[in-house]
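K.L.:
Model the structure of this input:
(chains A and B)
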Amino acid sequence: DSGVTQTPKHLITATGQRVTLRCSPRSGDLSVYWYQQSLDQGLQFLIQYYNGEERAKGNILERFSAQQFPDLHSELNLSSLELGDSALYFCASSVDPGQINEQFFGPGTRLTVL
Amino acid sequence: AQSVTQLDSQVPVFEEAPVELRCNYSSSVSVYLFWYVQYPNQGLQLLLKYLSGSTLVKGINGFEAEFNKSQTSFHLRKPSVHISDTAEYFCAVSDFGAGNQFYFGTGTSLTVIP
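P.N.:
From the prediction side, this is the model:
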């Protein structure tokens, strides 16, 4: 158990819908990262937050957005869903992005868009 | 941005045989290297990391990796595999660019055959 929690575990929805994925980092970790894992593209970095502020952006679509709240949990919002958004979405956390640290991964949310 | 190449997408190996999973990265500047393992239906778990110091790094579950700067490689090895090592293995690199951002390879699926 990494200490990172993600909810829900599974999500099934229809095209055009909007969903919210939630992540709680390990106690003491200030930085949260979101990744998308799909069969054809591997593990893709989406976005990073540190202590409530966006720190780095990767291959995140404009239909996707995220935020980190004062209690440090983070939410990833996916809107106007398409079939190709079906994937595993991982959240990871680390102590301090000011130095190189191990990222601890949550169990993931499996999103299926029908 | 960094890129990571895992040359073998699938590696079948017999139980108790040695295995090497290959990883090459793109940059010649200072990098920090990681190997993660993903068991079926689980998140990623850190196997080992290279930040500095000895180029031979030992990790959990009997795995080790060697950092080779001249060849920009960080291959993962285990002298004798077990059935329980069947999993997906990911190599990752961070160059301390945008706050501990990791770049992942596409993964190598290791299957241990009894």
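K.L.:
Briefly note if the helix or strand of chain B with the lowest mean pLDDT comes near chain A.
P.N.:
The helix or strand of chain B with the poorest confidence is strand B:103-104; it has a mean of 89 (mean pLDDT, DSSP states H and E). Yes: in terms of CB under 8 Å from any CB of the partner chain, part of strand B:103-104 sits within range of chain A, namely B:Tyr103, B:Phe104. C-betas here are computed from N, CA, C, even on glycine.
K.L.:
Direction included, what does the helix or strand just after that strand pair up with?
P.N.:
Per DSSP states H and E, the first helix or strand lying C-terminal to strand B:103-104 is strand B:108-113. Paired strands of strand B:108-113, with direction, are strand B:10-14 (parallel), strand B:87-94 (antiparallel) (DSSP bridges).
K.L.:
Name the residues that touch strand B:108-113?
P.N.:
Strand B:108-113 is contacted from outside by B:6, B:8-15, B:19, B:21-22, B:81-90, using CB atoms under 8 Å, 6 or more residues apart in numbering or on different chains.
K.L.:
one step back: mean neighbour count, the strands paired with strand B:108-113: which tops it?
P.N.:
Mean neighbour count (mean count of other CB atoms under 10 Å in any protein chain shown) peaks for strand B:87-94 among the strands paired with strand B:108-113, with a mean of 24.
K.L.:
Tell me the gap between it and the middle of its chain.
P.N.:
Mean-position distance between strand B:87-94 and its chain equals 5 Å (CA atoms, centre = their mean, to the nearest Å).
K.L.:
ditto for stretch A:36-50
P.N.:
For stretch A:36-50 - counting by CA atoms, centre = their mean - the centre lies 8 Å from the chain centre.
K.L.:
What residues sit buried inside that stretch?
P.N.:
Judged by neighbour count (16 or more other CB atoms under 10 Å in any protein chain shown), stretch A:36-50 contains these buried residues: A:Gln36, A:Gln37, A:Gly42, A:Leu43, A:Gln44, A:Phe45, A:Leu46, A:Ile47, A:Gln48, A:Tyr49, A:Tyr50.
K.L.:
Same list, those, but only the ones touching chain B.
P.N.:
Contacts with chain B within these, counted by CB under 8 Å from any CB: A:Gly42, A:Leu43, A:Gln44, A:Phe45, A:Gln48, A:Tyr50.
K.L.:
hmm, which two among those are most spread apart?
P.N.:
A:Gly42 and A:Tyr50 (24.4 Å; CB to CB).
K.L.:
Around chain A, pick out the residues from chain B.
P.N.:
For chain B, the contact set with chain A under CB under 8 Å from any CB comprises B:32, B:34, B:36, B:42-46, B:49, B:51, B:90, B:94, B:96, B:98-107.
K.L.:
out of those, which are buried?
P.N.:
Neighbour-count burial (16+ other CB under 10 Å) is assigned, among those, to B:32, B:34, B:36, B:43-44, B:46, B:49, B:51, B:90, B:94, B:99-107.
K.L.:
B:Val4 contacts B:Arg22, doesn't it?
P.N.:
No: using CB atoms under 8 Å, B:Val4 and B:Arg22 do not qualify as a contacting pair, with a distance of 10.9 Å.
K.L.:
Between these two, which has more neighbouring residues?
P.N.:
More crowded of B:Val4 and B:Arg22, by other CB atoms under 10 Å in any protein chain shown: B:Val4, with 24 against 17.
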